[in-house]
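1. Just need the structure, nothing else, for what follows:
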Amino acid sequence: ESGKYNKALEYYKLSLNIRDSLQQTDGVTSSYISIGNVYLELNDFVKALDYYNRALNLAEETGSLDQQQSCYNGIYQCNKKLGNISEALASYEKCELLKDSILNLARFDELNQLKTKYALEQKDTDYKTEREREKIITDNDKKRQRIILYGSFVGLSLTIIFLYFIFKRYKYSLRQQKII
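-> Numbering: from 1, shown residues only. All right, here's what the predicted structure looks like:
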């Protein structure tokens, strides 16, 4: 099984070299943490501590709370195994403090996402309400126009009928005058 760990170390160190040449600070930090984890599994706590401390320095420079937590957890594990109880306790407390900070940040992000979602839903609701209001106004205008059109048609029809009867009456009265 130690052969698998040695092979893992080989790949992690290769990864470290590549990430370092590409100047990927987060990647280098992750490689250091991974190498520290392998040395921890191999019970080489001094080497593990060295890699965790290197990773911690980079993680603090970049402000990566997740990586800092991983480093403090690894440092805690090493110091616990080495019997350095006070250092293990200090690392454990820092690890837990970072865990709380990460959870608070996650909750803050979740709250912001919910606020954004609510604002978007509110805008969508407002937009739909405005569209419905405009549709009602448009429908009312169309009804009003139809009423005016039908009223005009009825008025015109009544006028034509009225004129027809007047004309008929006029013709009748002309016939009556001819007879007289």
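
2. Gln68 and Arg54: what is the separation?
-> Counting by CB to CB, to the nearest Å, the separation of Gln68 from Arg54 is 13 Å. For every residue, glycine as well, the C-beta is placed using N, CA and C.

3. The two: who's more crowded?
-> Using other CB atoms under 10 Å, the more surrounded residue of Gln68 and Arg54 is Gln68, with 23 against 19.

4. what about Asp139, which helix or strand?
-> Using DSSP states H and E, Asp139 sits within helix 85-179.

5. The residue lying closest to Ser15 once chain neighbours are set aside: neighbouring residues, count only.
-> Once flanking residues are discounted, Ser15 sits nearest to Ser31: 5.1 Å by CB to CB, 6 or more residues apart in numbering. Neighbour count of Ser31, defined by other CB under 10 Å: 25.

6. Tell me who's in contact with Ser31.
-> Shown in contact with Ser31 (CB atoms under 8 Å, 6 or more residues apart in numbering): 12-13, 15-16, 19.

7. ChimeraX command to pick out the buried ones of those residues?
-> In ChimeraX, a selection of the buried entries from those looks like this (16 or more other CB atoms under 10 Å):
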select :12,15,16,19
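
8. Pick the one among the contacts of Ser31 closest to Ser64.
-> Of all these, Ser64 sits closest to Arg19, with 14.1 Å by CB to CB.

9. Angles on the backbone of Asn84, please.
-> Asn84 adopts backbone torsions of phi -90, psi 80, taken as degrees, to the nearest 10.

10. Any idea how many residues pack against it?
-> Asn84: 17 neighbours (other CB under 10 Å).

11. Repeat that for Asn37.
-> 20.

12. go on, Thr25?
-> The burial count for Thr25: 16, using other CB under 10 Å.

13. which residues does it contact?
-> Listed by CB under 8 Å, 6+ apart, the contact partners of Thr25 are 58, 61-62.

14. Quick one: residues contacting the residue nearest the centre of the chain.
-> The residue lying closest to the centre of the chain (CA atoms, centre = their mean) is Gln113, at 5.7 Å. Under the criterion of CB under 8 Å, 6+ apart, Gln113 has no contact partners.

15. Then Lys94?
-> By CB under 8 Å, 6+ apart, Lys94 lies in contact with 68, 72.

16. Could you report the distance from it to Phe167?
-> 108 Å.

17. Likewise for Arg19?
-> From Arg19 to Phe167 the distance is 103 Å (CB to CB).

18. Show me the shaky parts of the protein.
-> Within the chain, the stretches with pLDDT under 70 are 1, 180.

19. give me that answer again for 50
-> Counting by pLDDT under 50, the chain contains no low-confidence range.

20. returning to that earlier point: now the buried members of the contacts of Thr25.
-> With burial judged by 16+ other CB under 10 Å, the buried subset of the contacts of Thr25 is Leu58.

21. Much appreciated, bye for now.
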